[in-house]
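Enquirer: Provided below are the primary sequence and the corresponding predicted coordinates.
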Amino acid sequence: MDLYRKTIWQLRELLDRGEIKPEEVLDSVLRRIEEVNGKINGYITVLEDYAKNQIEKGLPEGPLSGVPIAVKDNICIKDQLTTCASKILYNFRPPYNADVTERLLNAGAVICGKTNLDEFAMGSSTENSYFGPTRNPWNVECAPGGSSGGSAAVVSADACIAALGSDTGGSIRQPASFCGMVGMKPTYGAVSRYGLVAFASSLDQIGPMTKDVRDCAMLLNVISGYDRRDSTSLKFDRPDYTKALTGEIKGIRVGIPSEYFGEGLNQEVADAVKKGIEYLSSSGAEIIDISLPHTDYAVSCYYILATAEASSNLARYDGVKYGYRTEKSSNLIDMYFKTRGEGFGAEVKRRIMLGTYALSSGYYDAYYAKAQKVRTLIKEDFDKAFEKVDVIVTPTSPTTAFKIGEKADDPLQMYLSDIFTISVNLGGLPAISIPCGFDSKSLPIGFQIISKHFDESTLLRCAYFLEEKFAVKDKKPPL
Amino acid sequence: MMKLSLDEVKYVAQLARIEFSDEELEKFRTQLDAIIGYIEKMNELDTENVKPTSHVVDVNNVLREDEVGNSLPREEVLKNAPCSENGFFKVPKIIE
């Protein structure tokens, strides 16, 4: 039995009936990792001993009991390597667990590895990793998207059952779209960021990356909730998200923003997304044309705010308390400069520079203060739209997966590949990407659904309905 | 037209505490200049009467009691240090 092919809910049934044991599931996944990881480089660290040890110690009863889950390598696991795909943290073993790690372990999950990412989650292709690029399982010449490209690739390639990623400007949804699987960014504040290595604190959010929508709801049930250790964590009534998966969407008001269907959108992507809108319409959802007029300014706004926050968050990497330290320094100040010069990769340096520039005296008002005001306008666009609609649907990305190296020397082009996902982070909204078809090169296309703050249930309801209609979730990459 | 001068890039690198080679500085100047050019698109918008966003969800200040709690054991924390001695982080000499 190829247990590694199963979803969380399929394994749950088999495990609960006692037909299989957690050891067998883990073995199956570990063998699959051995078979495919050389081709896709989705894992930075495979936690074989750690995972076996969890099972030997006895797993807690819970919704994930016995299910192997992979975790993006910017999420802390006590005493296990957490590198952020950076030379500057190549040997870092955190002395504590992230909140989501604790929740996974308490729910009985078997954490089987740490997945590859763009260094410090900065990128859209998982090429900017100190441990080498991850490859797209659908075509190994192509990028898996980023920055959670490792998590997307290992879920898509069945090298784990499900995974966690983090999404700052689309880093869960864009790779989910490129790799043909389900990825969700929850409402800002719904999942604790305690133990997630900070990139841009006002935008970062951890979320599920799964083989189908049911698994996404199950994983969200486990990881969301209030945590006093994260001051931006919010208290809210958490429903059972699996209850939203009814297959019924009659009466739901669906907004189609004109700004997301214009120039620059690949025709095959547009056609696939329009098919989804027809499914919704013919099943009784109400389709409403809307406008999000400040969409054009989202990328500019994002790259000021995200890099400003990054320049501040990454000031802590100075070679003193943890991580890499240069061997060539003559004094303390020189040590800071050389450690950071040698330890960070090009994209991280570029963003620290941009953020430092935007915050520097004389430029603060022109860039940072301006961007915080533009953010308000973008957020108000959504507020107005959600007076008329329950969800907004768009393509996840304007194109399917691009070739590795294609945009490496053109950071601006790379930044524009997140053009449809970034506004959601600026507004703190929840959004999901599900596969909706394939282009003529057999590369997956992603469909994005956005909803109101804390209305993940309506989002999942629509996603589940469309997943049935699209009927592509069981198609597997040629690995 | 290049708006960002090499001296400006060097100054920002000083603020960011990062050492660059001359070649890297030149490359970053071109790339940052293109990115900043794009970002200036924001200036098309009149934001005179717009309030800046401080938090995306309506929340008030988060406060908690100032209570003494557990901290991480010193040896645990020092385990990750590139250099330590007698329970302290060790760094190169500061005073000449």
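Expert: Received, thanks. Residues are numbered from 1 along each chain as shown, chains lettered A, B, ... in the order given.
Enquirer: for the rest of this, base every contact and every neighbour count on C-alpha atoms.
Expert: Noted.
Enquirer: who does A:Val46 bridge with?
Expert: For A:Val46, the beta-bridge partners are A:Gly113 (DSSP bridges).
Enquirer: count the residues that sit near it.
Expert: When counting by other C-alpha atoms under 10 Å in any protein chain shown, one arrives at 19 neighbours for A:Val46.
Enquirer: I'd say it and A:Asn116 touch.
Expert: No. Contact criterion C-alpha atoms under 8 Å: A:Val46 and A:Asn116 do not qualify, at 10.8 Å.
Enquirer: can you tell me which residues contact the most centrally placed residue in chain B?
Expert: In chain B, the centroid-proximal residue (C-alpha atoms, centre = their mean) is B:Ala16; its distance is 6.8 Å. Each residue near B:Ala16 by C-alpha atoms under 8 Å, 6 or more residues apart in numbering or on different chains is listed here: A:311, A:315, A:352-353, A:356.
Enquirer: do the longest helix seen in chain B and chain A meet at all?
Expert: Determined from DSSP state H, the single longest helix within chain B is helix B:22-39. Yes. Residues of helix B:22-39 contacting chain A under C-alpha under 8 Å from any C-alpha of the partner chain: B:28, B:31-32, B:34-35, B:38-39.
Enquirer: tell me the confidence at the residue nearest to A:Leu377 when sequence neighbours are not counted?
Expert: Nearest non-adjacent residue to A:Leu377, counting by C-alpha to C-alpha, 6 or more residues apart in numbering or on different chains: A:His294, 6.8 Å away. With respect to pLDDT, A:His294 has a value of 97.
Enquirer: correct me, but A:His294 touches A:Glu380?
Expert: No. Taking C-alpha under 8 Å as the definition, A:His294 is not a contact partner of A:Glu380, at 9.4 Å.
Enquirer: quick one, which of those two is more surrounded?
Expert: A:His294 (19 against 15).
Enquirer: list phi and psi for the more buried one.
Expert: Dihedral angles of A:His294 (phi, psi; degrees, to the nearest 10) stand at phi -100, psi 10.
Enquirer: quick one, what contacts the closest residue to B:Val9 other than its chain neighbours?
Expert: Ranked by C-alpha to C-alpha, 6+ apart and with sequence neighbours excluded, the top spatial neighbour of B:Val9 is B:Arg29, at 6.4 Å. Residues near B:Arg29 by C-alpha under 8 Å, 6+ apart: B:4-6, B:9.
Enquirer: burial of A:Gly18, as a residue count?
Expert: Under the neighbour criterion other C-alpha under 10 Å, A:Gly18 is assigned a count of 10.
Enquirer: try A:Ala471
Expert: The number of residues packed near A:Ala471 is 12, by other C-alpha under 10 Å.
Enquirer: my guess is A:Phe120 contacts A:Ala346. True?
Expert: No. Applying C-alpha under 8 Å, one finds A:Phe120 not in contact with A:Ala346, separated by 11.7 Å.
Enquirer: show me which of these two is the more surrounded one.
Expert: A side-by-side neighbour count of A:Phe120 and A:Ala346, using other C-alpha under 10 Å, places A:Phe120 first with 26 against 14.
Enquirer: quick check: the gap between B:Glu65 and A:Ser192.
Expert: Separation of B:Glu65 from A:Ser192 (C-alpha to C-alpha, to the nearest Å): 20 Å.
Enquirer: which of those two has more residues huddled nearby?
Expert: Using other C-alpha under 10 Å, the more surrounded residue of B:Glu65 and A:Ser192 is A:Ser192, with 25 against 5.
Enquirer: and the one helix or strand in chain A whose mean pLDDT sits lowest, which residues are buried?
Expert: The least trusted helix or strand in chain A, going by mean pLDDT, DSSP states H and E, turns out to be helix A:411-416, with a mean of 87. Neighbour-count burial for helix A:411-416 flags A:411-412, A:414-415 (criterion: 16 or more other C-alpha atoms under 10 Å in any protein chain shown).
Enquirer: so is the helix or strand just after it next to chain B?
Expert: Counting by DSSP states H and E, the element after helix A:411-416 in chain order, helix or strand, is helix A:422-427. Yes. Shown here: helix A:422-427 in contact with chain B (C-alpha under 8 Å from any C-alpha) through A:426-427.
Enquirer: ok, the residue lying farthest from the centre of chain B to chain A distance?
Expert: What lies farthest from the middle of chain B is B:Asn86; by C-alpha atoms, centre = their mean that is 30.7 Å. Using C-alpha to the nearest C-alpha, to the nearest Å, one gets 15 Å for the distance from B:Asn86 to chain A.
Enquirer: for A:Arg325, see how far away that residue is.
Expert: Distance, B:Asn86 to A:Arg325, using C-alpha to C-alpha: 19 Å.
Enquirer: likewise for A:Ala298?
Expert: Distance, A:Ala298 to A:Arg325, using C-alpha to C-alpha: 37 Å.
Enquirer: give the full set of residues in contact with the residue nearest the centre of chain A.
Expert: Nearest to the centroid of the C-alpha atoms of chain A, with distances taken as C-alpha atoms, centre = their mean, sits A:Ile172, at 1.9 Å. Residues counted as contacts of A:Ile172 (C-alpha under 8 Å, 6+ apart) are A:146-148, A:152, A:165-166, A:183-185, A:207, A:209.
Enquirer: of these - the most surrounded one?
Expert: In terms of neighbour count, A:Ala152 stands highest of the contacts of A:Ile172 at 42 neighbours, by other C-alpha under 10 Å.
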